[in-house]
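In: pasting a predicted model and its sequence here:
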Amino acid sequence: MSLIIISLTLVPLSLVFKSSGSQLLSSIKSIARQRECNIFTGDWVPYPRGPNYTSEQCPFIVPHNNCIRSGRSDRQFMKWRWRPKDCELPLFDAVQFLELVRGKSMAFIGDSVGWNQAQSLLCLVSYPENRSQSNTTSRAYSTRWFYPDHAFTLASFWSPFLVKARDSDPNGPSLDSTMNLYLDQPSEEWATQIEDFDFVIISAGHWFFRPLMYYIDEQLVSCHKCRNKTVTSVTHYYGYSMAFRTALSYLQSLENYKGITFLRTFSPSHFENGEWNSGGDCLRTRPSRNGEAKLEGYTLEFYKAQIRELEKAKREGKSKGLKFELLAATEAMLLRPDGHPSRFGYTSQEKNMTVNDCVHWCLPGPIDTWNEFLLYIMKKETVKPF
């Protein structure tokens, strides 16, 4: 039974959750009593207690997200919590999460920032104790973990453009090579495997800044940064919008897809004094206050494009009983220039240089808040009929 079915039938919650979910029941009732609240608008406040896990205790963190192990000495970036303006955002509770996903499946679709969030969730669920043994299987760029105690499957599908993409550089892929995007075709990496998932978190972002050739019906129709005067030049916002439109429409077209889709909004970078390839870095050691950073430029345009496509999907999916939910991370992360790996990131083998990483997020770190958002919305969906 998916959460959609639960939300459409007036089954008493006490019958849905077993005794191990008593705390979850209490938390869900608490959310039900709260007035409507926008958890995505707020500010970062000091939280001396720090994160739910450490980089040493979680085995799922890849090296360039493991800032402390990579040499970062300050730890203040881990000691802040997001506080919504008009309500309370509960801490992530692994027991509650596992009860909600018992017998279900969840998939992350997107680029390495989406994978960054998946790592965060793996850490949050596995600490402070391994409540379920997880088995990892990988094929191509897809990875799955299975938690047998809860019959829960967690998957991550690598698809940085969401749609079908091919590298057009005859010398092979590079950090700035031109990509061919087939804007009306979802990427097979996830499209052939997603139909039976109960929760899908979809996102994309920074790959759309590179040179792109846009195809529709297998025909080249336009490009971005392609330097080809014979092809119509358009902004990267066009391809970005079309990619989300195709992905969300595809989910609606699947006969057996009954899951809840979450669109996670654009995650801003914080390069200062240059870009990633020209000496830019992110060396701040504390969050910005609300009002100090403005949502503007390409960050705002990407965000607006996502909101437009999500609203279309909501309207179109309503008749089919499909839910499309917003996971608006942009505002909160705009205020966290201190949360990136910076020079404690990774080395580019291609150019034999250290890349200051101001795109991805340290773990533990502010990105853990995304999964607090996720759990909050999942619990809110459960209480809607009451």
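Out: Okay, I see it.

In: what comes up buried for the helix ranked longest in the chain?
Out: The residue-count maximum for a helix in the chain (DSSP state H) belongs to helix 297-318. Under the neighbour-count criterion of 16 or more other CB atoms under 10 Å, helix 297-318 has 298-299, 301-303, 305-306, 309-310, 312-314, 317 buried. Quick note: C-beta positions are derived from backbone N, CA and C, even for glycine.

In: quick one: residues contacting the residue positioned nearest the centre of the chain.
Out: Per CA atoms, centre = their mean, the C-alpha nearest to the average position across the chain is that of G114, at 4.2 Å. Counting by CB atoms under 8 Å, 6 or more residues apart in numbering, G114 touches 108, 156, 201, 203-204, 264.

In: got it, and F344?
Out: 67, 70-72, 357, 362.

In: who touches Y47 in this structure?
Out: When contacts are taken as CB under 8 Å, 6+ apart, Y47 is in contact with 79-81.

In: any chance of the residues you listed in JSON lines, plus neighbour count?
Out: Formatted as JSON lines, the contacts of Y47 follow (neighbours: other CB atoms under 10 Å):
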{"residue": "K79", "neighbour count": "13"}
{"residue": "W80", "neighbour count": "23"}
{"residue": "R81", "neighbour count": "19"}
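
In: nearest to L335, out of these: which one, please.
Out: Proximity of these to L335 (CB to CB) peaks at W80, which lies at 9.5 Å.

In: could you find the closest non-adjacent residue to the closest one?
Out: Nearest non-adjacent residue to W80, counting by CB to CB, 6 or more residues apart in numbering: W44, 4.5 Å away.

In: kindly report the same for V113.
Out: Using CB to CB, 6+ apart, the closest residue to V113 is S267 (5.1 Å).

In: what of P63?
Out: In space, P63 is closest to S70, 6.5 Å off (CB to CB, 6+ apart).

In: helix/strand/coil for the one you found?
Out: Here S70 is recorded as coil under DSSP: H, G, I helix; E, B strand; the rest coil.

In: then N256?
Out: With three-state DSSP as the criterion, N256 reads coil.

In: surely it touches F197?
Out: No - applying CB atoms under 8 Å as the test, N256 and F197 come out as separate, 10.5 Å apart.

In: so where does the closest residue to C58 other than its chain neighbours fall, helix or strand?
Out: With sequence-adjacent residues excluded and distances taken as CB to CB, 6+ apart, C58 is closest to C123, at 3.8 Å. C123 is part of helix 112-126 when elements are defined by DSSP states H and E.
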